[in-house]
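*Asks:* Show me how the following folds:
(2 chains)
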Amino acid sequence: MDRTGSETHVMPYRTLVRVWLVLLGLTGALVAAGTTLHPSLSVWAMLVITPVKAGLIFYYFMHLKYEKPLLTGLVFVTLGLLVLVIGLLFSDLFYR
Amino acid sequence: MTTAAGAHGGHVDHEGARFGMWLFLFTEILLFGGLFILYAAYRARYPNEFHEAGGHLDAVIGVANTVILLTSSLTMAASITALRTGQRRRALASLAGTIALGVLFLVNKYFEWSGEIARGFYPDSPLLAGRPQGEQIFFGLYYSMTGLHGLHVMAGIVLLAVMLALVLRHRITGGEYHKLENAGLYWHLVDVIWVFLLPLFYLAA
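*Replies:* Next up, the predicted model:
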């Protein structure tokens, strides 16, 4: 059978379990931040921890770490577009 | 880019198949992204009402469902690893586990929504009609965003059940795994979306 294109890297079980444990730990940190920190600080904790969790899923579970720069770049462009629109929205809300 | 048709000994373009799936995932990201922007706009307008309304949700179920989906992402990724390293039985068990966790997520969601509705928190309910507009908007967003996500979980479960059948029939193998890999990409994205829904709704208070 003819196969073209790169076959993705086989992710070892150990790496997958480690990423999962980190994700669970970050979820715990998120809950702890939401219940113990001042609301303004907990919002910042959420703004940092949640994208890190998403990044780990993208990077390891979705194999983005082993993809070609074109695909990785397109993912960043898509997410960057969202961040840009959200930034423009808040600039409109705060300065209108 | 060439169509994948490996099961019949044809030409298989793994990279093209994966790229096509990612293009679809971009549309999903932008679909939910629009709803996240809507949430952000209303949260900025009604911060106190959102804080108050978030307190009526069951954060324990929200966190439990997060653990369930994160674990399902692990079993999903493990099934691909198992299949590609020739451990077919383990791949099947991991895939079945992923489906079971997806169903468990929906069962929890059923009990969560039932509880909210029983307490009178649903769109246009007499209880919400008497509360501030920001709280009404919060619950409207809560039901539409978690509902749309739930539909994606259902679609994912059906997709993974099809993948399970294809692995059982040897239509998906260690050398011909791109369908399972693409189904996995979809499942992981559903998980990523939930990762954002947790703090927006359940930890909002």
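*Asks:* Every contact and neighbour count from this point should use C-alpha atoms.
*Replies:* Noted.
*Asks:* Report whether B:Arg171 is found in a helix, as I expect.
*Replies:* No: going by DSSP: H, G, I helix; E, B strand; the rest coil, the assignment for B:Arg171 is coil, not a helix.
*Asks:* Neighbours of it, how many?
*Replies:* Neighbour count for B:Arg171, taken as other Cα atoms under 10 Å in any protein chain shown: 16.
*Asks:* Next, give phi and psi for it.
*Replies:* Note on B:Arg171: its backbone torsions stand at phi -80, psi -20 [degrees, to the nearest 10].
*Asks:* what's the answer for B:Tyr46, then?
*Replies:* Main-chain dihedrals, B:Tyr46, degrees, to the nearest 10: phi -120, psi 60.
*Asks:* Check A:Pro12 too.
*Replies:* Per-residue torsions, A:Pro12: phi -60, psi 150 (degrees, to the nearest 10).
*Asks:* Contact partners for the nearest residue to it once chain neighbours are set aside?
*Replies:* Closest residue to A:Pro12 apart from its sequence neighbours, by Cα to Cα, 6 or more residues apart in numbering or on different chains: B:Thr81 at 6.9 Å. Under the criterion of Cα atoms under 8 Å, 6 or more residues apart in numbering or on different chains, the contact list for B:Thr81 reads A:Val10, A:Met11, A:Pro12, A:Tyr13, B:Ala91.
*Asks:* which ones among those residues are found in helices?
*Replies:* A:Tyr13, B:Ala91 (DSSP state H).
*Asks:* What score does residue 71 have for pLDDT?
*Replies:* Reading this off chain A. The score at A:Leu71 is 93. That number is its pLDDT.
*Asks:* actually it's chain B I care about, not the one you picked
*Replies:* As predicted, B:Thr71 sits at a pLDDT of 98.
*Asks:* I'd assumed A:Trp20 was in contact with it.
*Replies:* Yes: using Cα atoms under 8 Å, B:Thr71 makes contact with A:Trp20 at a distance of 7.1 Å.
*Asks:* sorry, back to before: to which secondary structure element is the residue nearest to A:Pro12 assigned?
*Replies:* helix B:59-84 (DSSP states H and E).
*Asks:* and that helix, which residues are buried?
*Replies:* B:59, B:61-63, B:65-84 (16 or more other Cα atoms under 10 Å in any protein chain shown).
*Asks:* quick check, stretch A:72-92 touching chain B?
*Replies:* Yes: contact of stretch A:72-92 with chain B (Cα under 8 Å from any Cα of the partner chain) involves A:Val75, A:Thr78, A:Leu79, A:Leu82, A:Val85, A:Ile86, A:Leu89, A:Phe90.
*Asks:* Quick check: pLDDT value at the fifth one.
*Replies:* Yep, that's A:Val85 we're talking about. Each residue has a pLDDT score; the one for A:Val85 is 90.
*Asks:* mind listing what it touches?
*Replies:* Contacts of A:Val85 by Cα under 8 Å, 6+ apart are B:Ile37.
*Asks:* how about a cut-off of 10 Å?
*Replies:* Residues in contact with A:Val85 (Cα atoms under 10 Å, 6 or more residues apart in numbering or on different chains) are A:Leu79, A:Ser91, B:Gly33, B:Gly34, B:Ile37.
*Asks:* And for B:Arg119?
*Replies:* Residues in contact with B:Arg119, defined by Cα under 10 Å, 6+ apart, are B:His56, B:Trp113, B:Leu127.
*Asks:* tell me what whichever strand or helix holds the second one is packed against?
*Replies:* Element membership of B:Trp113 [criterion: DSSP H and E] is helix B:88-118. Taking 3 or more Cα pairs under 10 Å, 6 or more residues apart in numbering or on different chains; DSSP states H and E as contact, the helices and strands that helix B:88-118 lies on are helix B:59-84, helix B:133-168, helix B:178-197.
*Asks:* For these, give me CSV that also has distance to A:Lys65.
*Replies:* Formatted as CSV, the helices and strands packed on helix B:88-118 follow (distance: least, Cα to Cα, whole Å):
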stretch, distance to A:Lys65
helix B:59-84, 14
helix B:133-168, 23
helix B:178-197, 14
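*Asks:* low pLDDT regions in the chain?
*Replies:* Picking chain A for this. By pLDDT under 70, the low-scoring segments of chain A are A:1-8.
*Asks:* Please refer instead to chain B.
*Replies:* B:1-11, B:205.
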